[in-house]
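In: What follows is a predicted protein model with its sequence.
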Amino acid sequence: MGLTNNITTRASGPVAIFLALLVGIVAVNMQLGCEGPPPQPFVPKASVAPEVVYCNDHTGHKPGNKPWIMGGKCTCTPSGSLMQQLHADGFCEEMTANDLRVMYEEKGIKLRQEGHMWCNGLCRAGKHVVLGGNCMCPPTPGTDYYERIITGAGVVPPGKEISANK
Amino acid sequence: MRSISTTIALLLVGVFCSLNSGCTVGPSKEQVMFAKAISIRVDRQPTPTDSARFFKHRFLTKRNNDYVMWSMDYASICMLGGNYDAAKNELLQCLIDIEKRQDTDKEKAAAASNESRKIFKGEPFERAMACTYLGMLHYLMGDYNNARIFCTRADMADATTEENMKNYRHDFRLAHYWLGRSFLKLNQEGNARVAFKKAGQFVARKTTNRELKSLQKTQAKHRKKRIRLEKKCYQLATTKKDAIVPGVVDMSPSPSVGQMPDHISADAKPGNPVIVGSENIEQFLSLEYQKQVNLILVIETGQGPVKFLVGENGYADKIVRSDYPERKVLVYLDGNKAGQAFEMLDMFHQADTRGTSEKDRAQLSKGIAQSILRRLPYISYVAALWDVRADHRYWHLLPGEVHLFAAKVTPGVYTINLQCFDSNGYLIPRYSVTRYHIPVKDNKENIFFLHIKPEADNTYFAPKI
């Protein structure tokens, strides 16, 4: 018992100093607000939208773009109005919308249809054709995926496609 | 002899420490995928498709007790990633499970012990949100009758709120809004008017004002600190020789909503595209206004409420609001001020008004009984093994709030910019979101789901588009 008291008495001096220092540091930090480091720099996204490279049903057909299946940059779903625009550009002159649709389907590319309107890359056909998959359902506007596809960021060149479900 | 025993002891300590620390260098791939998926609302570089695939493979292949919870989270990931087909299909399956799956044995076991042994079916507000999402998705896909049905079901799900909260039984305003729009499409103007009126009725809780004042006080402090740190950040990024960042912007200015400029950048296109806009919520929810709008933005902010266990041995659950600063949203189209988005759903308000149910009372009884038994001699050994924990499962990826913007705008392709403000109405500059090439087509309703997250527009260290 006496030994314990002795140790406590001897240790009380340094302990008291340590506690006083700790309280002092805490108080100073509280006063200063413990601000910590500043945030990382902010380099904002451009206020002007980048140009559409790969057009689709949402962006509307971009004049001069050839259909994807023919090595072009048009990923619009074949329709009567699209064919009119393609004919005006001198593409697919002998073809109907159905012919173009069949061409895509024969290549295993899944087009926009009932129940496959808003997959945004999450479907059995895999990623969008521009990113190397087999899906040509137009991406959902307002998402990063949409911006990547229409601007061509992360584009996979033809011949290096990724198989479905990867 | 002594040295051998010391060596063995040290060896055992080493083995124990290794086992305890997991003998691994870092988290597994699965843990990383889970962390990425569950933080998708705030992740700067989310991969929603990969997260959705991971969730589907990891949690949705078997129908265990937690299926509905993971199903709801999966649906949220799909909603955030723009995978609306998958979200719709999963939520439909989720609702079937909520309504039809029964396991009385598990329910009996849960009543006597750990409550999370039963099949999870969500709180009233979670079921209401699942139905509202389905209503919105059906509406987006042009199926207005089913949109009406699901929005009505959302209202009914909210009506299961307990007796002590009966004033809050029909206050799921987001569902009423979409119900109103569905009625408009179905040429039922009278019903639409009633639904829009209900969408505008907010019943405050007793603590609403107190919470707001406390939040305003805290956010005022945070704003001062934020301004100081932002100035420091800008100074470092523009003056320190080795650390000069090209294109860096000073994020310290934090004007109020009223002080926001009409044109947010020098690149703003001339002429405001908004033909008809709304100044206040009354005008916004009027039938005449809703008949004219052709652009609707559903903006999700913050994170949903968090549920955790409280009380001795976790016999009760508690729901608290998540910490997120954004409370108001201002919309810019092509750099021109388009108007304010109106708050249509506060998820914590919905969670806080669920009421005290029969199961809560049963949990309290279990908790008290166990607490007494644990203090009795001999019996305490057995009582300590009695698991009386409440059900702490919840929908992790719900939004904190949902704001709506609707206006009649000139058809075209727009860059949408969302600016967020705190509860005092001051700008939080790092919570801006810019989305390119948003099409507003003629003679068509154009609906887009967007969500706010911090640093969304910061391209520092992020790939530039």
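Out: All right, it came through fine.
In: Which positions in the stretch 251-400 of chain B make contact with chain A?
Out: Applying CB under 8 Å from any CB of the partner chain, we find that the stretch 251-400 of chain B lies next to chain A at B:251, B:264, B:265, B:267, B:268, B:335. C-beta here means a position set from N, CA and C on the backbone, and glycine is covered the same way.
In: Show me the two of those residues that sit farthest apart.
Out: B:251 and B:268 (19.6 Å; CB to CB).
In: pLDDT below threshold where in chain A?
Out: Across chain A, the ranges flagged by pLDDT under 70 are A:1-12, A:27-34, A:154, A:156-166.
In: Contact partners for the residue nearest to residue B:260 when sequence neighbours are not counted?
Out: Taking CB to CB, 6 or more residues apart in numbering or on different chains, and ignoring the residues beside it in sequence, residue B:260 has residue B:330 as its nearest neighbour in space, at 6.0 Å. Listed by CB atoms under 8 Å, 6 or more residues apart in numbering or on different chains, the contact set of residue B:330 reads B:257, B:260, B:337, B:339, B:340, B:341, B:418, B:419, B:420, B:421.
In: what's around the fifth one, how many residues?
Out: Around residue B:340 there are 20 other residues, counting by other CB atoms under 10 Å in any protein chain shown.
In: you'd agree it is up against residue B:329?
Out: Yes: with contact defined as CB atoms under 8 Å, residue B:340 and residue B:329 form a contacting pair (7.1 Å).
In: ok so, going back, any chance of the residues of the stretch 251-400 of chain B next to chain A in a markdown table, with secondary structure, neighbour count and pLDDT too?
Out: Conversion of those to a markdown table gives the following (DSSP: H, G, I helix; E, B strand; the rest coil; neighbours: other CB atoms under 10 Å in any protein chain shown; pLDDT from 0 to 100):
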| residue | secondary structure | neighbour count | pLDDT |
| --- | --- | --- | --- |
| B:251 | coil | 23 | 94 |
| B:264 | coil | 19 | 88 |
| B:265 | coil | 17 | 81 |
| B:267 | coil | 13 | 79 |
| B:268 | coil | 21 | 79 |
| B:335 | coil | 21 | 93 |
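In: what ranges do the helices span in chain A?
Out: Counting by DSSP state H, chain A forms helices over residues A:2-32, A:80-88, A:97-106, A:144-151, given from the N-terminal end onward.
In: among the ones you listed, which is nearest chain B?
Out: The closest approach between chain B and any of the helices of chain A, judged by CB to the nearest CB, belongs to helix A:144-151 at 5.2 Å.
In: Just the buried positions in the closest one, please.
Out: Residues of helix A:144-151 classed as buried by neighbour count (16 or more other CB atoms under 10 Å in any protein chain shown): A:144, A:145, A:146, A:147, A:148, A:149, A:150, A:151.
In: Pick the one among the residues you listed closest to residue B:275.
Out: Of all the buried residues of helix A:144-151, the one sitting nearest residue B:275 is residue A:146; the distance, using CB to CB, is 25.4 Å.
In: what's the nearest residue to whichever residue of the stretch 1-150 of chain B sits closest to chain A if we skip its chain neighbours?
Out: In the stretch 1-150 of chain B, the residue found nearest to chain A is residue B:82; the distance is 3.0 Å by CB to the nearest CB. Leaving aside its chain neighbours, residue B:82 sits nearest to residue A:140 (3.0 Å; criterion: CB to CB, 6+ apart).
In: Next, the contact list for the one you found, please.
Out: A:118, A:120, A:146, B:82, B:83, B:84.
In: And it, how far from residue B:279?
Out: For residue A:140, the distance to residue B:279 (CB to CB, to the nearest Å) stands at 31 Å.
In: Over to residue B:259?
Out: Here the criterion is CB to CB. By it, residue B:259 lies 17 Å from residue B:279.
In: Repeat that for residue B:189.
Out: Taken as CB to CB, the spacing of residue B:189 relative to residue B:279 amounts to 23 Å.
In: okay, the two: which has more neighbours?
Out: Looking at residue B:189 and residue B:279 with other CB under 10 Å, you find the greater number of neighbours at residue B:189, namely 13 against 9.
In: which non-adjacent residue is nearest that one?
Out: Setting aside the residues directly before and after it, residue B:189 is nearest to residue B:287 in space (CB to CB, 6+ apart), at 6.4 Å.
In: same check, this time on residue B:84
Out: If you skip the residues right next to it in sequence, residue B:84 has residue A:118 as its closest partner in space, 3.6 Å away by CB to CB, 6+ apart.
In: Do I have it right that that neighbour meets residue B:81?
Out: No: the criterion here is CB under 8 Å, and residue A:118 misses it with residue B:81 at 10.4 Å.
In: coming back round to it: could you point out which of the contacts of residue A:140 is nearest to residue B:135?
Out: Distance to residue B:135, by CB to CB, is smallest for residue B:84 among the contacts of residue A:140, at 12.7 Å.
In: In stretch B:307-324, which residues are buried?
Out: Residues of stretch B:307-324 classed as buried: B:307, B:311, B:313, B:314, B:315, B:316, B:317, B:319, B:321, B:324 (neighbour count, 16+ other CB under 10 Å).
In: Residue B:128: which of these is nearest?
Out: Once CB to CB is applied, the member of the buried residues of stretch B:307-324 that ends up nearest residue B:128 is residue B:319, at 14.8 Å.
In: partners of the closest one in the sheet?
Out: Listed beta-bridge partners, residue B:319: residue B:307 (assigned using DSSP bridges).
In: For it, give its distance to residue B:310.
Out: According to CB to CB, residue B:319 stands 10 Å off from residue B:310.
In: for residue B:223, same thing?
Out: Using CB to CB, one gets 32 Å for the distance from residue B:223 to residue B:310.
In: so where is the stretch 351-465 of chain B shaky, pLDDT-wise?
Out: In the prediction, the stretch 351-465 of chain B carries residues with pLDDT under 70 at positions B:462-465.
In: Just the ones of the buried residues of stretch B:307-324 in strands?
Out: Counted as lying in strands by DSSP state E, out of the buried residues of stretch B:307-324, are B:307, B:316, B:317, B:319.
In: unless I'm mixing things up, the third one is touching residue B:310, no?
Out: Yes: the criterion here is CB under 8 Å, and residue B:317 meets it with residue B:310 at 7.0 Å.
In: picking that back up, determine which two of the buried residues of stretch B:307-324 are furthest apart.
Out: Using CB to CB, the pair of those lying farthest apart is B:313 and B:324, separated by 30.8 Å.
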